[in-house]
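Asks: I would like the atomic coordinates for the input below:
(one chain, ligands or ions: 1)
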Amino acid sequence: MIDQNEALLDQLEQIRTKAIAELEPVTTMAELEEWDIRYLGRNRGELKNIAAVMPKLTKDGRRAVGQKMNAVKSELESHLKARREEIRQKELLATLEKERIDVTMPGRHLPVGHMHPLTRTIQEVTDVFMKMGFQVVQGPEVETDYYNFQALNIPADHPSRDMQDTFWIVPGELLLRTQTSPMQIRVMKQTRPPVRAVVPGKVFRNEAIDATHEAQFHQIEGLLIDDQCTMATLKGCLQTFARELYGEGRQVRFRASYFPFTEPSAEMDISCGECNGKGCRVCKYTGWVELLGCGMVHPKVLREVGYDPKKYRGFAFGMGVERIALAKYGINEIRLFTSNDLRFLRQF
Ligand SMILES: [Zn+2]
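Replies: Numbering: from 1, shown residues only. Alright, predicted model coming up:
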């Protein structure tokens, strides 16, 4: 029995020496894992094999072998722990080295988009009016005959309907709005004076398309209603707008005009920015460029929305966004805006 104990103690010593020797070249976690299983593994580790025969030993033998085994085991475990920490540190350093970021390197250039010239024009115009206390509202592109025509003092037999060739969805009832003006009615019906609103949006006309006409284009409508508004308020407000948008040096003029829903009505022109009013190809040698249509809201329209025309007055105006953008950027072809041609769009 003593021989068997001695043999087992020898065997443990050999395992210890061999294990320490084999640990020496281990440099990766995977190798360390294998080593752990080989010597300390719970199922087939070398120490486990010795533990398996211990129950057959005498009491003294069990104690001696048991003590030696625990000593070997804890020694190997502390080697394992130390080596594991070493490898972890080394791998961490390697990762840091590999993933080091050179903050002085030039960045990668990503293509950046920008706003469409029409969107930009709409924003510039509405920004000016917002500074004057107007609120921006939007409305439906499919309108009823009532809002698009009747409520704006354009009854079914009115000759001005001929001026606006209409895309009908349900003839006589539903249509693609021909103007942003129906929002005047919607805004007034939903609120009480004072009213200050601008309405940007798409409008549709069943027109022959050429360099200056599209079947779909954009308008910005404006409306101001209160108890003191006069034609002078209109002129002051729109003059301020024109100078904010185009600069102090530009002149404006008003010409009498006609719209069914305003009385009196006017067109506002701005002095040509190309020739400074001297006359050139852009302004057709007049020195002036048309900017917008405007007028005092017709009493019939006020009555239609339940406002008392003796108490409340107001003015309305409408402008074509494309026309403003054409003039602003010196473009001579309206169809370019919706051509999706990047060569065109990238210029802005
Ligand atoms: Zn000119």
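Asks: next one: stretch 4-18 to chain centre, how far?
Replies: Here the centre of mass of C-alpha atoms in stretch 4-18, compared against the chain's by C-alpha atoms, centre = their mean, to the nearest Å, lies 74 Å away.
Asks: Of all the residues in it, which ones are buried?
Replies: By neighbour count, and taking 16 or more other C-beta atoms under 10 Å as the criterion, the buried residues in stretch 4-18 are 5, 8-9, 12, 15-16. Heads up, the C-betas are built off the backbone N, CA and C, glycines and all.
Asks: Select, from those, the two members most distant in space.
Replies: The span of those, defined through C-beta to C-beta, is set by Asn5 and Arg16 at 16.7 Å.
Asks: the helices in the stretch 151-300 of the chain, which residues?
Replies: When secondary structure is read from DSSP state H, counting those that start in this stretch, the stretch 151-300 of the chain shows helices at 182-190, 231-246, 299-304.
Asks: helices or strands next to the last one in the packing?
Replies: Helix 299-304 makes packing contacts with helix 182-190 when contacts are defined by 3 or more C-beta pairs under 8 Å, 6 or more residues apart in numbering; DSSP states H and E.
Asks: export the helix it packs on as CSV, just CAs?
Replies: As requested, the backbone C-alpha atoms of helix 182-190 are provided in CSV (Å, rounded to 0.1, in the frame of the first residue of the first chain):
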residue,chain,number,x,y,z
PRO,A,182,-59.3,78.7,-51.4
MET,A,183,-57.2,78.7,-48.2
GLN,A,184,-58.3,82.3,-47.7
ILE,A,185,-61.8,81.0,-47.2
ARG,A,186,-60.7,78.0,-45.1
VAL,A,187,-58.5,80.2,-42.8
MET,A,188,-61.2,82.8,-42.3
LYS,A,189,-63.9,80.2,-41.6
GLN,A,190,-61.7,78.6,-39.0
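Asks: other SSEs contacting it?
Replies: helix 145-148, strand 195-204, strand 216-226, helix 299-304.
Asks: quick one, which of the ones you listed is nearest to Trp35?
Replies: Judged by C-beta to C-beta, the one of the helices and strands packed on helix 182-190 that comes nearest to Trp35 is strand 195-204, at 74.2 Å.
Asks: what sits against the residue of the stretch 1-150 of the chain found nearest the ion?
Replies: Nearest residue of the stretch 1-150 of the chain to the ion: Thr121, at 19.8 Å (C-beta to the ion). For Thr121, the contacting residues are 321, 324-325, 328, taking C-beta atoms under 8 Å, 6 or more residues apart in numbering as the criterion.
Asks: any idea what sits nearest it, other than its immediate chain neighbours?
Replies: Once flanking residues are discounted, Thr121 sits nearest to Ala325: 4.4 Å by C-beta to C-beta, 6 or more residues apart in numbering.
Asks: Give me the pLDDT for the nearest residue to Arg196 once chain neighbours are set aside.
Replies: Closest residue in space to Arg196, ignoring its immediate chain neighbours: Phe134 at 4.5 Å, by C-beta to C-beta, 6+ apart. As summarised for this prediction, Phe134 has a pLDDT of 95.
Asks: so Phe134 makes contact with Val199?
Replies: No: contact criterion C-beta atoms under 8 Å: Phe134 and Val199 do not qualify, at 9.8 Å.
Asks: hey, what's in contact with both of the two?
Replies: Counting by C-beta under 8 Å, 6+ apart, the residues touching both Phe134 and Val199 are Gly222.
Asks: Among the two, which residue is more densely surrounded?
Replies: Neighbour totals were compared for Phe134 and Val199, and Val199 leads with 24 against 20 (other C-beta atoms under 10 Å).
Asks: Look up how far the ion lies from that one.
Replies: From Val199 across to the ion, the span is 30 Å (C-beta to the ion, to the nearest Å).
Asks: any chance of the helices of the stretch 151-300 of the chain in JSON lines, with mean neighbour count and distance to the ion too?
Replies: Listed next are the helices of the stretch 151-300 of the chain as JSON lines, based on neighbours: other C-beta atoms under 10 Å; distance: least, C-beta to the ion, whole Å:
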{"stretch": "helix 182-190", "mean neighbour count": "21", "distance to the ion": "32"}
{"stretch": "helix 231-246", "mean neighbour count": "17", "distance to the ion": "13"}
{"stretch": "helix 299-304", "mean neighbour count": "17", "distance to the ion": "35"}
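Asks: Please convert those helices to JSON lines, extending it with mean pLDDT.
Replies: Output for those, formatted as JSON lines (pLDDT from 0 to 100):
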{"stretch": "helix 182-190", "mean pLDDT": "93"}
{"stretch": "helix 231-246", "mean pLDDT": "92"}
{"stretch": "helix 299-304", "mean pLDDT": "94"}
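Asks: Perfect, I'm done here.
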